[in-house]
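Colleague: Below is the sequence, then the predicted model.
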Amino acid sequence: YHAVFLHDITEKNRAQNAVQALATFPEENPNIVFRVSATDFSVIYANPATYKIFKSNEGIAGFLNSELRPSLHQTITSNTTVRKEAAYNNAHYTFAIWPNLADGYINLYATDITMLKKAKQQLVIMNEGLQEEVDKRTKELRESNKNLEHFAYSISHDLRAPIRHVLGY
């Protein structure tokens, strides 16, 4: 006589799959996501998108020290999220620096805003060109109005003599 026990592990498998899917979420993120120690700012985790930009932990650490150190200190002292724009290798990023001081780390989330910056620069250039065109057209209109005023004056002057003759009769 053998006893057989069956356990339905469907829910357990679903839960494990959900945990695994969540665990890969930062890895799949095309934006920069990394975590640093709140004490010495050493890199604890960086997703593949971060390594595409900074190439190594040393590259990340160098960038943190040169560009973000004041913002890291600010987020620690205020214990609030700090936003900072920074440039690296001709690209512009906006960083959200989120502290989790209870667990001893700081998360950094960055979005590439290079195209937005270029579009803003293009817009400024186009607005300057448009202002120049408006100024040019305004000058032309003023000159045209001045010419029309001279013409109207000469016509009215030329028409006064015949009107005086008519009135003389």
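Modeller: Thanks, I have it.

Colleague: what's the longest helix in this structure?
Modeller: helix 114-168 (DSSP state H).

Colleague: quick one: average confidence on that helix?
Modeller: Computed over helix 114-168, the mean pLDDT rounds to 89.

Colleague: on contacts alone, who are the packing partners of it?
Modeller: strand 91-100 (3 or more C-beta pairs under 8 Å, 6 or more residues apart in numbering; DSSP states H and E). Glycine gets a C-beta too; all of them are placed from N, C-alpha and C.

Colleague: May I see the buried residues of the strand it packs on?
Modeller: Neighbour counts using 16 or more other C-beta atoms under 10 Å place 92-93, 95, 97, 99 of strand 91-100 among the buried residues.

Colleague: contact partners of it?
Modeller: 32, 38, 53, 68, 71-72, 75-76, 79-87, 106-114, 116-117 (C-beta atoms under 8 Å, 6 or more residues apart in numbering).

Colleague: now with 10 Å?
Modeller: 31-32, 35-36, 38, 53, 63, 67-68, 71-72, 74-87, 105-118 (C-beta atoms under 10 Å, 6 or more residues apart in numbering).

Colleague: Check stretch 10-23 too.
Modeller: Contacts for stretch 10-23 (C-beta under 10 Å, 6+ apart): 9, 28.

Colleague: What residues of that stretch count as buried?
Modeller: Buried, per 16+ other C-beta under 10 Å, within stretch 10-23: nothing.

Colleague: distance of Ala96 from Asn90?
Modeller: Using C-beta to C-beta, to the nearest Å, one gets 22 Å for the distance from Ala96 to Asn90.

Colleague: From the contacts of strand 91-100, list the buried ones, please.
Modeller: Members of the contacts of strand 91-100 classed as buried by 16+ other C-beta under 10 Å are 32, 35-36, 38, 53, 63, 67-68, 71-72, 75-76, 82, 84, 86, 105-110, 112-113, 117.
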